[in-house]
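A.B. asks: structural data only, the sequence is not supplied:
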């Protein structure tokens, strides 16, 4: 069932249907682009900061640390950091709202997504590597 918003005029019976969820109230307060950007040179990118796992790595958008699912859940709960960016799928998730957020939904998410994208391009160019999505699809075709 779609939610409805009141029209422009106070007390109006005119309603506009809205199928879009309300914006995440945690997004603007839960992202610190400079901390995310400053952590890149000091960490092994794409690896959990607590263990050696390299699969399903999440980047905390508050402090810039990287975690596997197990350590990420602990980190987000203990530190009240609610937004994370999954490096492989580039999905932004709010743990407090328990939903994925479109990158376009908030300017701060767009900003940090651009920082991450720029970093990955530089890293791939320097290493002569292929992006993770392309390499995954090429492995599937050759197998």
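C.D. replies: Yep, it's here. The structure presented is a predicted model; accordingly, all values stated were derived computationally and were not measured.
A.B. asks: quick check, pLDDT for residue 9.
C.D. replies: Predicted confidence (pLDDT) at residue 9: the value is 42.
A.B. asks: same thing with residue 2?
C.D. replies: 45.
A.B. asks: then residue 107?
C.D. replies: Predicted confidence (pLDDT) for residue 107: 86.
A.B. asks: pairing partners for residue 94 in the sheet, please.
C.D. replies: On the basis of DSSP bridges, residue 94 is bridged to residue 83, residue 99.
A.B. asks: number of residues surrounding it?
C.D. replies: 20 (other C-beta atoms under 10 Å). Backbone N, C-alpha and C define where each C-beta goes, glycine included.
A.B. asks: just give the number of residues close to residue 63.
C.D. replies: Residue 63, neighbours per other C-beta under 10 Å, totals 15.
A.B. asks: and what of residue 26?
C.D. replies: 19.
A.B. asks: that one - that's part of a helix, no?
C.D. replies: No. Assignment of residue 26 by DSSP: H, G, I helix; E, B strand; the rest coil gives coil, placing it outside any helix.
A.B. asks: nothing else from me, thank you.
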